[in-house]
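[1] Okay, predicted coordinates and the sequence, questions at the end:
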Amino acid sequence: MKWLSICFLVVITSAVASAQCPTNRYLDPQFAVTKQSNVVFANAPSIPAVYVSEAVTVNEDITMDIFQPVGDTASKRPLIIFAFGGGYIFGTKDDSDIQGLCDYFAKRGYVTASINYRKGLNATSNNSAVRAIYRGAQDWSSAVRWFKEFSGTYKVDTNYIFAGGSSAGSFGALHMAYADDSNKPPEANASGFPNFNPDLGCLSCSGNNYQHSNKVKAVLNCWGAMLDKNFIDANDKPILFSTHGTTDPIVPFNSGSPFSASIIVQSVDGSLQLNQRAQAVGIPTKFIPYPNQGHCVWGICVLNAWAPGSPTEFYNPILDSMRVFMYPLLQPTNATIVGPTKICLGDTAVYWASTTNGIRKCWQVTGGEIIDQTPNGGAVKVLWGAQGPHDIYVIPYSTVGAAGNVTHQSITVVPYPDINSAISQSGDTLFVENSPYIYQWYLEGQAINGANTNTYIISESGTYTVEITNDGSCSIQSAPTYAEHTVVIEPTGIAEDGVAVSIYPNPNNGLLIIDGIAHPQVVIYNSIGQVCTIGDINYSANKTTIRHSLPKGIYYVKMKGYSGTIMVE
């Protein structure tokens with residue numbers, strides 16, 4: 001496979017975008033920007049300014065400018081590295097378009113870098129041009145590996161590195177991202193006459209010794225091309241953004257020879273072909289062609305400054321399209337809100353937000369107040385203080401602080417039943433205020449089956465409560481009320497006249513009352529027939545009161561009066 005010789009007469013670059021919390025970081029300007037100039041990221045043999053041969057080189061410090069947002073408290077930020085164009089002859093990292101773009105996007109929260117790469121070639125030699133392109137790809141790899149080595153210093157999240165370039169700068173980014181050592185051109189190997197080429201080594205064997213991959217999240221291709229679109233395969237390759245003028249005479253929009261001249265250089269695959277190839281192997285893409293536009297759609301720089309008529313009207317729209325393209329790649333997945341959707345007025349409820357890659361959540365409610373939350377907002381406790389339909393919202397944030405989409409949940413806040421829940425008693429009938437609400441009676445805390453009206457006739461003594469629920473499932477509960485059940489017993493044994501005797505309460509808790517027999521003789525037996533000792537007995541007309549301290553169990557009461565003898569369990 002042959003590599004290509006290209007001479008670009010202009011320098012174009014792009015930079016990085018970034019924005020800030022809560023929802024517009026990486027979208028809108030947020031920060032002032034500080035620039036660190038001339039940072040050395042590699043040193044490698046370079047062709048001198050006056051070309052002699054591929055074998056005549058000088059070691060060159062390869063530098064970049066790094067832009068960072070001032071006062072940024074984020075612990076991790078995405079990085080965009082961008083390279084100028086100029087056909088491996090013209091241009092530097094100081095070109096105004098690159099510098100302006102890096103500043104523009106750093107204001108939005110990204111870390112950005114404008115990099116140099118090695119220039120120099122024999123413009124009449126395909127061998128020399130191929131080697132220039134390969135050296136540029138090596139320098140791109142050095143820059144990515146350098147940032148991964150110093151990611152802590154610059155607070156860069158290495159999962160979010162974007163590599164972009166204009167024209168020749170894009171050639172380097174594309175070949176670094178999609179080619180590998182199996183695609184190394186023969187021209188990059190050592191050779192004898194007539195070229196006398198020294199071996200350039202592997203793609204990541206130049207510039208520095210940092211042992212990291214050169215993998216990036218996406219490539220931002222501005223009017224670039226590749227020697228072979230088939231370098232792009234499905235093996236975990238980055239997402240591709242491309243923009244290109246459809247009538248570009250320098251780098252073909254489709255396929256063809258650079259400068260529309262096939263005498264010196266071979267055919268290359270332009271942005272249209274790269275986009276189609278990426279889609280064919282399943283790589284997500286974004287492609288923005290500019291009809292009837294030539295090379296460097298956004299304008300050109302000469303001697304580091306904008307040329308007359310530049311930037312064009314397409315400059316800002318291209319930056320906007322990059323910003324819009326990158327932002328979803330930074331976002332977390334949408335959150336799912338878990339928690340009750342119907343709640344009673346004045347109650348609290350806990351809500352969780354689950355995402356696969358969100359590390360922080362921000363919440364907002366209407367009709368309520370967030371009174372507590374877990375670290376990073378994974379869960380919140382809400383006090384709902386207003387009746388009616390309300391809402392709860394959550395926004396997840398990614399590791400780099402990009403806001404995800406808003407998730408919304410409707411909440412219905414219902415008042416408690418407006419009713420008097422005090423229990424009254426008439427004989428064995430317990431009752432509360434009548435209403436259309438739902439009632440449930442309880443004895444000793446256990447629900448009574450079928451006891452679902454505002455009245456209940458008891459069949460045993462004990463502590464009763466009633467729960468009253470409205471159609472919004474909000475319930476109030478009465479205060480516990482002890483109610484005594486009156487037991488009417490027919491006499492047994494010897495009796496000449498019918499006698500109605502009442503003994504209560506039953507069950508009993510230490511005070512036994514007997515109605516219907518005047519001054520009876522009373523004996524209490526336990527379940528095995530033993531006579532039990534009882535306490536005080538008081539008589540009053542036909543009522544007898546007995547106090548005892550018997551343990552829990554079943555007892556029999558024998559009463560003997562003038563009308564006969566009665567045995568009661």
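    Everything's here; your move.

[2] Quick check: Phe325 is in a helix.
    Yes. Counting by DSSP: H, G, I helix; E, B strand; the rest coil, Phe325 is located in a helix.

[3] roughly how far apart are it and Val219?
    11 Å (CB to CB, to the nearest Å). In this view, the C-beta of every residue, glycine as well, is placed from N, C-alpha and C.

[4] Can you check which residues contact both of the two?
    With contacts defined as CB atoms under 8 Å, 6 or more residues apart in numbering, the residues shared by Phe325 and Val219 are Phe241.

[5] Comparing those two, which shows the higher neighbour count?
    Between Phe325 and Val219, counted using other CB atoms under 10 Å, the more crowded position is Val219 (26 against 19).

[6] mind listing what that one touches?
    Counted by CB under 8 Å, 6+ apart, Val219 has contacts 162-164, 170, 173-174, 177-178, 238-241.

[7] Among the residues you listed, name the ones in strands.
    Judged by DSSP state E, the contacts of Val219 include 162-164, 239-241 as members of strands.

[8] what two of these have the greatest distance between them?
    Gly164 and Ile239 (12.1 Å; CB to CB).

[9] who has more neighbours, the two?
    Gly164 (28 against 19).

[10] That one against Gly224, yeah?
    No. Using CB atoms under 8 Å, Gly164 is not in contact with Gly224, being 9.4 Å away.

[11] which neighbours do those two share?
    Taking CB under 8 Å, 6+ apart as the criterion, Gly164 and Gly224 both touch 170, 173.

[12] Roughly how far does Ser410 sit from Thr469?
    Ser410 sits 22 Å away from Thr469, going by CB to CB.

[13] out of those two, which sits in the busier spot?
    Thr469 (16 against 10).

[14] Can you report phi and psi for that one?
    Phi and psi for Thr469, reported as degrees, to the nearest 10, are phi -120, psi 130.

[15] quick one: it and Ser435 touch, right?
    No. Counting by CB under 8 Å, Thr469 does not reach Ser435; the two are 10.6 Å apart.

[16] Can you pull the residues that touch both of these two?
    Shared contacts of Thr469 and Ser435 (CB under 8 Å, 6+ apart): Pro417.

[17] which outside residues touch the longest strand anywhere in the chain?
    Taking DSSP E as the criterion, the chain has its longest strand at strand 33-46. For strand 33-46, the external contacting residues (CB under 8 Å, 6+ apart) are 57-70, 102-103, 106-107, 115, 118-120, 135, 138-139, 142-143, 146-147, 198, 206-208.

[18] Give the buried subset of the residues you listed as a ChimeraX selection command.
    Remark: buried members of those, expressed as a ChimeraX selection using 16 or more other CB atoms under 10 Å:
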select :57,60,62,63,64,65,66,67,68,69,102,103,106,107,115,118,119,120,135,138,139,142,143,146,147,198,206,207,208
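
[19] re earlier: list just the nearest of the contacts of Val219 to Gln276.
    Taking those together and measuring to Gln276 by CB to CB, the closest member is Leu240, at 10.7 Å.

[20] so the closest one sits right up against Val281, yeah?
    No. Contact criterion CB under 8 Å: Leu240 and Val281 do not qualify, at 10.6 Å.

[21] Looking at the two now, which is surrounded by more residues?
    More neighbours surround Leu240 than the other of Leu240 and Val281, with 24 against 12 (other CB under 10 Å).

[22] Run through the bridge partners of the more buried one.
    Beta-bridge partners for Leu240, by DSSP bridges, are Val219, Thr285.

[23] ok, it - contacts?
    Applying CB under 8 Å, 6+ apart, we find Leu240 in contact with 218-219, 221, 232, 274-275, 278, 283-286.

[24] For Pro396, list each beta-bridge partner.
    Applying DSSP bridges to Pro396 gives these bridge partners: Lys361.

[25] Tell me which residues touch it, please.
    Counted by CB under 8 Å, 6+ apart, Pro396 has contacts 332-335, 353, 355, 358, 360-361, 403-404, 407.

[26] For the buried ones among those, write the corresponding PyMOL selection.
    Paste this into PyMOL to select the buried members of the contacts of Pro396, with burial taken from 16+ other CB under 10 Å:
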select buried, resi 332+334+335+353+355+358+360+361+403+404+407
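
[27] Which pLDDT does the model give Asn376?
    Asn376 is assigned a predicted lDDT (pLDDT) of 89.

[28] let me fix that: Ser206
    Confidence score, pLDDT, at Ser206: 94.

[29] Likewise for Val297?
    96.

[30] Mind putting the contacts of Val219 into TSV with distance to Ala500 and pLDDT?
    As requested, the contacts of Val219 are arranged in TSV below (distance: CB to CB, whole Å; pLDDT from 0 to 100):
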residue	distance to Ala500	pLDDT
Phe162	97	98
Ala163	101	98
Gly164	102	97
Ser170	108	97
Ala173	105	97
Leu174	106	97
Ala177	102	97
Tyr178	103	96
Pro238	97	96
Ile239	94	97
Leu240	99	98
Phe241	98	98
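
[31] So for stretch 356-363, first residue to last residue, what's the gap.
    In terms of CA to CA, to the nearest Å, the two terminal residues of stretch 356-363 are separated by 18 Å.

[32] for it, what is the average pLDDT?
    Stretch 356-363 shows a mean pLDDT of 84.

[33] what's next to it, contact-wise?
    Residues contacting stretch 356-363 (CB under 8 Å, 6+ apart): 22, 332-333, 335, 351, 353, 355, 370, 373, 376-378, 380, 392-399, 401, 403-404.

[34] Which of these fall within strands?
    If you go by DSSP E, those have 351, 353, 370, 373, 380, 392-397 in strands.

[35] tell me the secondary structure for Trp140?
    Secondary structure, three-state DSSP: Trp140 is helix.

[36] I figured it hits Leu174, correct?
    No. If you go by CB under 8 Å, Trp140 and Leu174 don't touch, sitting 9.2 Å apart.

[37] For the spatially closest residue to Ser459 that is not a sequence neighbour, grab the count of nearby residues.
    Among residues not flanking Ser459 along the chain, His485 sits closest, at 6.3 Å (CB to CB, 6 or more residues apart in numbering). When neighbours are counted by other CB under 10 Å, His485 registers 16.

[38] now, among the contacts of Pro396, which is nearest to Ser461?
    Nearest to Ser461 out of the contacts of Pro396 is Ala353 (CB to CB; 50.9 Å).

[39] Could you pull up the residues touching that closest one?
    Applying CB under 8 Å, 6+ apart, we find Ala353 in contact with 335-338, 361, 363, 377-379, 394, 396, 407.

[40] Let me have those in CSV, extended by distance to Gly462.
    CSV is the format used below for the contacts of Ala353 (distance: CB to CB, whole Å):
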residue, distance to Gly462
Ala335, 49
Thr336, 46
Ile337, 43
Val338, 40
Lys361, 49
Trp363, 46
Gly377, 48
Gly378, 45
Ala379, 41
Val394, 47
Pro396, 52
Thr407, 49
